[in-house]
Each structure stands twice: as C-alpha cells, then as structure tokens.
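Participant: How does the following fold in three dimensions:
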Amino acid sequence: SRTGQGSSRLDEGLRLAQPVDAEVSVGEPLCERLKAAPVLPARGKVEALWREELIERLFDADAGARLVAHLSGHEASAALVAGILAHSPFLTQIMRLDPDGLFASLTCDPGERRDALLAGIAAFATPETATAELMRELRRFRQAMALLIALADIGGVWSVETATAALSATADMAVKLASEHALHQAAGLGRIELPDAAEPGKGSGLVVLALGKHGAGELNYSSDIDIVVFFDPEMAEAAGVGEPTSFFVKLTQQIARIIQERTPDGYVFRVDLRLRPDPASTHVAVSLPSAYSYYETVGQNWERAAMIKARPVAGDIELGRRFIADLAPFIWRKYFDFAAIADIHAMKRQIQSVKGFETLSLPGHNVKLGRGGIREIEFFVQTQQLVFGGRRPALRGPRTLDMLGELTKENWISPQARDELTESYCWLRTIEHRLQMRNDEQTQTLPTDAADLDAFSRFCGYPSAKAFGKELEAHARRVEGHYALLFEDAPSLASEAGSLSFTG
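Facilitator: Reported below is the predicted structural model:
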C-alpha cells in the first residue's frame with residue numbers, strides 16, 4: 001500500500017516543480033522511514049542478493065564497506081535494495097556505478113537529498129562550463145535523482161505526487177541549464193547581447209514551455225518531456241539577433257541535443273517538440289505572433305487541452321507567463337461548448353470501439369491507454385475543465401488530482417467519484433512507474449510472458465500475478481464506471497465515425 005502523503009508547490013526562485021514533504025520531520029533519514037519493499041523470488045535471499053549482486057561487483061572498497069555496514073544493520077534498507085536488485089536492471093546498474101549515491105540516499109532525509117542534488121547541478125553550471133562537461137554532469141545528476149526517487153517511491157516513503165514533482169523538478173533543471181548554456185554560448189560568439197548575464201533568459205526573447213505531465217509537475221519516471229519553444233522577434237532584434245528564426249531554431253536544436261543525445265553516460269530526457277503549432281509545417285521554434293495567429297484561427301480542442309498544463313520553464317519566464325495569459329480566451333471559453341461535448345462523446349465511443357473494451361486481459365494490458373486506465377481519468381478531468389473552466393476559474397489548474405477536488409467543490413462530480421478516481425489514479429501511476437523503473441523504458445504495457453508477469457507483480461509488492469490482477473481489475477472497473485458516465489446525456493452532434501479534432 002502507498003502510505004506516504006505529499007503535495008507540491010512551485011519554487012518561484014528557480015521555477016521548479018518542488019514537492020513539500022509536510023508529513024515527516026525534516027532530517028529523518030530514508031532508512032528509518034521505509035515501509036515497503038518488492039517481494040523476492042521464491043529462492044531469493046536478501047543478504048545473498050545484495051552481497052553477490054552489488055557488493056562483490058564494486059570497484060570501490062571503501063564504498064562497499066560503508067554499504068555492508070549499513071545493510072547489515074538496517075533490515076528495511078537491505079530488503080529494499082535486494083528487491084531492486086532482483087527486479088530492476090536499470091536501477092541495479094546505477095547502484096553499481098554510484099554506491100556512494102546509494103549510501104547517501106539511504107542515510108539522508110530524501111527531501112534534503114533531492115534539494116542538494118538540484119543545488120549541486122545548478123552550482124556546477126556556469127557560463128564557462130564546457131558543453132561536454134555539462135552534458136556529463138546532467139546525466140549523472142539525472143541518474144542520482146532517478147535512484148533517490150525510486151528508493152523513496154518503492155519504499156513507500158514518498159507519495160505519487162511527491163515522486164512526480166521530483167521528476168518534474170529534474171526535468172525543469174535540465175531544460176533551464178541547457179537553455180542558459182546555449183544562450184551564453186551564443187552571446188560568447190556575438191550572436192546575441194544578453195541584457196542580464198546572471199539571468200540569460202530574461203530579455204532574450206526566448207520562451208520554453210513545458211506541456212503535458214512535465215508542465216503539470218506530474219512527470220512519469222521514464223518519460224519524454226514535451227516542450228514548445230517560442231520567440232519574440234522584436235525582443236530578439238533589440239538584443240542584437242540578426243535573423244531571429246534561424247537563431248532560435250539552432251538554439252532549440254542545441255538545447256534538445258544537450259538533453260537527449262546518448263553518450264557513454266546515457267541521456268537526460270528524450271525531448272518531444274511536436275506539440276508546437278502545426279508541427280508538419282513549422283520550424284522547431286515558432287514566433288509568438290505566428291503562434292497567436294494559429295491558436296486564434298485554427299487551434300483545435302486537443303491543443304486547448306494541452307495548453308491547460310503549459311508552464312514556462314526556461315528563457316524569459318515573465319514573457320512566457322504573459323503568452324499563456326494572452327491565450328486564456330482560446331483555452332477557456334466563456335460559454336458552455338456543446339459542440340466540444342459532442343466531440344468528447346464521439347471520441348469516447350471511438351476509443352472504446354478501437355481498444356476492444358469488452359474484455360480485460362492482464363498479460364499485455366496497457367495501464368495508460370487500456371480499459372479503465374490513466375488516460376480515462378485524465379480525459380475525465382480535462383474535458384470537464386475545458387467545458388466548464390471558462391465560467392469557473394478554479395477549474396483551470398494543471399494537476400489532475402487537484403482538479404478532481406475542484407470538480408467536487410463545483411458539484412460537477414461527487415465526493416465518492418473524487419476519492420475513488422484519486423485512489424485509482426495513484427495506484428495506476430505507481431504501476432506505470434514500476435514498469436518504467438525496470439529498464440528505463442517509456443512503457444505502460446504489462447509483460448505478456450507468464451514468468452515475467454509474476455516477477456513484475458512481485459516488484460509491485462504482490463505475491464503473485466493473480467493477486468496483482470485482482471487489484472488491477474478492481475481499479476479498471478471502477479475507473480471505467482465513472483468514465484462511462486462522462487457527458488453521456490449530451491446530444492451527439494458528430495458523425496458515427498467521430499470527430500478527430502481531439503486526437504492530436
């Protein structure tokens with residue numbers, strides 16, 4: 001069971017999605033707060049696993065000695081580490097490469113460890129830092145954060161909200177530092193005059209928005225980050241940029257390369273730039289006037305939904321905020337949009353007809369897109385935000401769980417629906433993270449092989465696939481029950497095939 005409770009806030013200084021761990025006293029180490037661990041294979045022994053799979057494979061004798069002393073004296077830490085070694089090749093590799101990081105994560109307060117990692121990488125990146133050095137340290141930073149978040153998540157110390165906020169803060173920092181580095185390099189080459197070298201994004205004309213789960217502070221464990229890059233041509237010209245479009249396209253490509261290029265140290269995040277206006281016909285950086293024109297004339301419902309979660313994370317933060325504020329009439333319509341309701345209704349039926357919703361099979365089930373999955377909860381929340389948010393500003397927030405609460409306050413859903421969907425959302429997101437923790441893959445699909453499915457069930461803390469499947473089915477049926485009622489009383493104005501304007 002997930003017993004940790006958490007919430008998140010936005011750190012106004014760094015504009016990072018930072019969690020607040022209000023449920024525990026600051027300074028208490030992770031090892032003293034562990035509540036859960038994966039179930040080991042039938043013949044798996046805790047001490048044998050961590051000694052053979054970790055300690056005996058370390059090159060650093062001192063680091064190994066510290067871990068031996070700690071794991072020998074802390075049963076909960078030993079069980080957690082052994083469970084990870086048995087089920088996650090990705091995390092196993094990180095623990096072997098960075099035993100000091102493992103020791104620090106186990107013996108420090110996780111919130112303090114998170115903040116120290118964020119502060120450390122921010123202090124490392126200076127205008128003089130070489131690109132290769134920044135790329136190397138960003139990758140090591142991401143691995144250290146991935147290990148800490150996994151330990152706190154699997155160990156039952158952090159809630160889903162706290163874990164996703166920490167993942168989002170990691171992405172925020174990577175985009176911020178990559179953007180500042182690219183701007184400093186351009187300034188060094190005389191291609192732009194930065195009004196404030198200490199805040200290179202300010203006055204540069206650059207706007208980097210995070211969308212999707214990154215923008216909402218709800219990032220997946222191993223997810224692409226959806227960012228959109230805009231620029232203000234007039235502000236750029238005032239800063240000495242000769243050809244703004246060419247300049248910002250190259251700048252965007254450099255930012256993406258710093259973050260996603262695979263090196264011997266791995267990568268930081270995969271970057272998806274396709275949520276920009278008309279991606280088939282536009283450059284990877286779009287001018288703000290062009291963006292305004294696009295959204296006001298041909299912007300679609302799915303783009304309205306995407307912009308609900310938009311948040312400036314790099315470049316000129318204030319300019320990004322003004323852009324989002326100026327888009328409010330596009331996102332939030334003041335009238336009840338019955339055409340959008342009909343579009344939602346048609347899209348629901350289209351999803352159900354394509355996905356084969358009459359059956360639920362555990363092997364190969366997709367916890368995001370499948371029956372009773374995460375997407376249905378997100379669709380349930382966002383579509384009601386789009387329809388009612390124009391008249392109810394309280395419904396304009398980016399976070400799924402927060403908006404379930406606001407929908408209840410506005411009497412659009414019942415307290416029971418809020419509580420049941422919240423519980424199922426947190427459970428499904430936890431399973432999604434376990435899937436991605438195994439091999440650092442962006443997947444939401446359960447294993448199809450019976451033995452592998454049994455192993456994954458143990459990784460999630462269940463004794464067997466049967467026990468795991470029973471709980472999955474309970475959550476899926478609960479979610480689909482609420483989802484099935486969404487706007488069902490609305491008249492259908494779309495064709496039987498369904499309008500495709502929500503499928504972007």
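
Participant: what about the nearest residue to Arg51 once chain neighbours are set aside, which helix or strand?
Facilitator: Spatial nearest neighbour of Arg51, chain neighbours left out: Val68 (7.9 Å); criterion: Cβ to Cβ, 6 or more residues apart in numbering. No exception for glycine: its C-beta is placed from N, CA and C like everyone else's. Using DSSP states H and E, Val68 falls within helix 61-73.

Participant: buried sites along that helix?
Facilitator: Ala63, Gly64, Arg66, Leu67, His70, Leu71 (16 or more other Cβ atoms under 10 Å).

Participant: Following it in sequence, what is the next regular element?
Facilitator: Following helix 61-73 in sequence, per DSSP H and E, is helix 75-87.

Participant: Quick one: mean pLDDT for the helix holding Val68?
Facilitator: Across helix 61-73, pLDDT averages out at 97.

Participant: could you give the angle of it to helix 75-87?
Facilitator: 110 degrees (axes from the mean of the first three to the mean of the last three Cα atoms, to 10 degrees).

Participant: Check which helices and strands helix 61-73 sits against.
Facilitator: helix 46-53, helix 75-87, helix 99-107 (3 or more Cβ pairs under 8 Å, 6 or more residues apart in numbering; DSSP states H and E).

Participant: can you put those in CSV and add mean neighbour count and distance to Cys426?
Facilitator: Formatted as CSV, the helices and strands packed on helix 61-73 follow (neighbours: other Cβ atoms under 10 Å; distance: least, Cβ to Cβ, whole Å):
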stretch, mean neighbour count, distance to Cys426
helix 46-53, 17, 28
helix 75-87, 23, 20
helix 99-107, 21, 23
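
Participant: any chance of these in TSV, plus distance to Leu177?
Facilitator: Shown next, in TSV, are the helices and strands packed on helix 61-73 (distance: least, Cβ to Cβ, whole Å):
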stretch	distance to Leu177
helix 46-53	34
helix 75-87	28
helix 99-107	19
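
Participant: out of these, which comes closest to Arg375?
Facilitator: helix 75-87 (25.7 Å; Cβ to Cβ).

Participant: thinking again about what came up before, separation between the residue nearest to Arg51 and Tyr221?
Facilitator: 29 Å (Cβ to Cβ, to the nearest Å).

Participant: Kindly report the same for Ile55.
Facilitator: 26 Å.

Participant: quick one, which of the two is more surrounded?
Facilitator: Tyr221 (23 against 18; other Cβ atoms under 10 Å).

Participant: That one contacts Ile149, correct?
Facilitator: Yes - using Cβ atoms under 8 Å, Tyr221 is in contact with Ile149, at 7.3 Å.

Participant: Now the most centrally placed residue in the chain: which helix or strand?
Facilitator: In the chain, the residue lying closest to the centroid (Cα atoms, centre = their mean) is Leu219, at 0.8 Å. Per DSSP H and E, Leu219 falls between elements, in no helix or strand.

Participant: Kindly give the local confidence score, pLDDT, for it.
Facilitator: 97.

Participant: Pretty sure Leu211 is one of the things it touches, is it not?
Facilitator: No - between Leu219 and Leu211 there is no contact, the gap being 11.3 Å when judged by Cβ under 8 Å.

Participant: The nearest residue to Ala285 once chain neighbours are set aside: neighbour count?
Facilitator: In this structure, Ala285 finds its nearest non-sequential neighbour in Phe248, 3.8 Å apart by Cβ to Cβ, 6+ apart. The number of residues packed near Phe248 is 29, by other Cβ under 10 Å.
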